[in-house]
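Asks: Sharing a model prediction with you, sequence too.
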Number of protein chains: 2
Amino acid sequence: MLAEKSYHHGNLKQALVKASLDILHKDGLAGLSLRKCADAVGVSHTAPKNHFGNMAGLLTALASAGYAMLADDMRKDWIADSPRPDRRDLALQGYVSFAVDHPDLFELMFARGRTKSDDPELMSNVVACFGVLADIAQDLPLGHPNDDLTSTRAQMFIWSAVHGYAQLCIAGRFKKDEMKRLTILDILPHLKS
Amino acid sequence: MLAEKSYHHGNLKQALVKASLDILHKDGLAGLSLRKCADAVGVSHTAPKNHFGNMAGLLTALASAGYAMLADDMRKDWIADSPRPDRRDLALQGYVSFAVDHPDLFELMFARGRTKSDDPELMSNVVACFGVLADIAQDLPLGHPNDDLTSTRAQMFIWSAVHGYAQLCIAGRFKKDEMKRLTILDILPHLKS
DNA sequence: AAGAAAATATTTACACTGGAAATATTCTAT
DNA sequence: ATAGAATATTTCCAGTGTAAATATTTTCTT
């Protein structure tokens, strides 16, 4: 048997992550506790310590999984060799859809002080997620000076715009009817290449 | 004496808000508790209940104060009759500065499920804050179709961009050197009117 | 195969938290 | 002055994260 799959419970770590994501989805971050999570899986309330160390460790694993899901959602409807403008639109819509579908997880992923920001797996997933955005930020005609910061500038712009839009949506800061009428694609400046 | 200013403690409500903001600044949202807050002011741990009802009530008051501070920070360096482009730059920088200076408060202001989103005072301050952004969003040449949603579109765009930039900054998602080199003004598409 | 060592899980205990309920104190109004 | 409202305290409870000691199972070494 593989080391990770056959101890007392049998892959408790993965089961705890799954249960936590469910609780997070149902009851929000305030409703998530190590004890509820352990209960849901059927182990003692200190069992998670072996796999995550503490609460921050569990939340780090959740955030890490979230970034992987977000990256997937952005590429969800991509088809092979689709032109970059199409990929860009799909990725932006995927980013917003993820936030709307998993608002509490999304909030956790960008929260301060709740996760271990130096966790290698988390950092790796963050970088991979940003890679998708860096890709779709290429060739944006933003009217910037053409210097060695051009690509960085485009990446920061596109991430800022879509992230702000998503967060303001789920925070309830936009009116509902305006949110429906004006998607992320509608509010971005129309970019003609 | 005014009803609000002379009971047992003497304006306990305001003192609790002030103490809470201090704790929030020092120890973050996780470090803030009703009991610590009450301790700091020198009252019993259930005294805050009379003024805020519960924890959500206190956090609502903090968020409300935060929006007022944010609106002030955006207009901080405005001078009378300064042209709109100048006001726009100052307001955007003020928005980001507020987030950087009060990251935990900023996070609370846009958090889900922590505040009472139907609180009249909070809503009022949110609307007032958004009013500043609506002002600076006027006359932005974004290349959008000129329809009856033009101004709404510009407002949503400018708020999304600056909010996303601010949040990604304090969440540590931008590299530090790039953050210094490329401010919110640098990453926005260059808008020539 | 046998024992040592490591990994995993439980039990117990503790300090801290938000909140409910009953009580006490102070202010306000009549 | 006294009634009633507002404010504050005391006491209590369920729930939380986490540390420490212990128990169980798996894996490694020989």
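Replies: Yep, that arrived.
Asks: got the residues of chain A near DNA strand C?
Replies: A:3-4, A:7-10, A:12, A:38, A:43-47, A:49-51 (CB under 7 Å from any atom of the strand). Every C-beta, even on glycine, is put in place using the N, C-alpha and C of the backbone.
Asks: Point out where chain A drops to low pLDDT.
Replies: A:1-7, A:191-193 (pLDDT under 70).
Asks: where exactly do the helices run in it?
Replies: Under the criterion DSSP state H, helices of chain A are mapped to A:12-27, A:34-41, A:49-52, A:55-75, A:84-101, A:103-109, A:120-136, A:150-170, A:176-181, A:184-187.
Asks: one step back: and the residues of chain A next to DNA strand C, which are buried?
Replies: Buried members of the residues of chain A next to DNA strand C, scored by 16 or more other CB atoms under 10 Å in any protein chain shown, are A:12, A:38, A:43, A:47, A:51.
Asks: what sits against the fourth one?
Replies: With contacts defined as CB atoms under 8 Å, 6 or more residues apart in numbering or on different chains, the neighbours of A:A47 are A:9, A:12, A:38.
Asks: ok so, going back, which one, of the helices of chain A, ends up nearest to B:K76?
Replies: Among the helices of chain A, the nearest to B:K76 by CB to CB is helix A:150-170 (21.3 Å).
Asks: Residue of chain A closest to chain B, please.
Replies: A:G164 (2.8 Å; CB to the nearest CB).
Asks: want to throw the helices of chain A into a markdown table with distance to B:D118?
Replies: Below are the helices of chain A laid out as a markdown table (distance: least, CB to CB, whole Å):
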| stretch | distance to B:D118 |
| --- | --- |
| helix A:12-27 | 20 |
| helix A:34-41 | 28 |
| helix A:49-52 | 36 |
| helix A:55-75 | 28 |
| helix A:84-101 | 21 |
| helix A:103-109 | 18 |
| helix A:120-136 | 34 |
| helix A:150-170 | 17 |
| helix A:176-181 | 15 |
| helix A:184-187 | 26 |
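Asks: tell me the centre residue of chain A?
Replies: The C-alpha lying nearest the average C-alpha coordinate of chain A belongs to A:Y67 (CA atoms, centre = their mean; 3.8 Å).
Asks: Please report how far that one lies from B:D148.
Replies: 38 Å (CB to CB, to the nearest Å).
Asks: A:V41 too?
Replies: Distance from A:V41 to B:D148, by CB to CB: 53 Å.
Asks: With neighbour numbers in mind, choose between the two.
Replies: A:V41 (16 against 6; other CB atoms under 10 Å in any protein chain shown).
Asks: The more buried one and A:A19 touch, don't they?
Replies: Yes: using CB atoms under 8 Å, A:V41 makes contact with A:A19 at a distance of 5.2 Å.
Asks: returning to that earlier point: now for the residues of chain A next to DNA strand C, which pair is the farthest apart?
Replies: A:A3 and A:H45 (24.4 Å).
Asks: what does stretch A:175-192 rub up against?
Replies: A:89, A:92-93, A:95-96, A:140-142, A:161-162, A:165-166, A:169, B:142-144, B:149, B:152-153, B:156-157, B:160, B:189.
Asks: Disregarding residues adjacent in the polypeptide, which is nearest to A:L122?
Replies: Nearest non-adjacent residue to A:L122, counting by CB to CB, 6 or more residues apart in numbering or on different chains: A:S64, 4.3 Å away.
Asks: picking up where we left off before, got a list of what the residue of chain A closest to chain B touches?
Replies: Contacts of A:G164 (CB under 8 Å, 6+ apart): B:159-165, B:167.
Asks: can you count the residues close to A:D77?
Replies: A:D77: 14 neighbours (other CB under 10 Å).
Asks: what's the distance between it and A:D139?
Replies: Relative to A:D139, and taking CB to CB, A:D77 is found at 20 Å.
Asks: cool, A:V100 as well?
Replies: 28 Å.
Asks: And for A:Y67?
Replies: On the measure of CB to CB, A:Y67 and A:D139 end up 25 Å apart.
Asks: try A:K76
Replies: Taken as CB to CB, the span from A:K76 to A:D139 is 22 Å.
Asks: same thing with A:A15?
Replies: 44 Å.
Asks: Could you do A:G53 as well?
Replies: 44 Å.
Asks: again with A:L29
Replies: Taking CB to CB, one finds A:L29 at 38 Å from A:D139.
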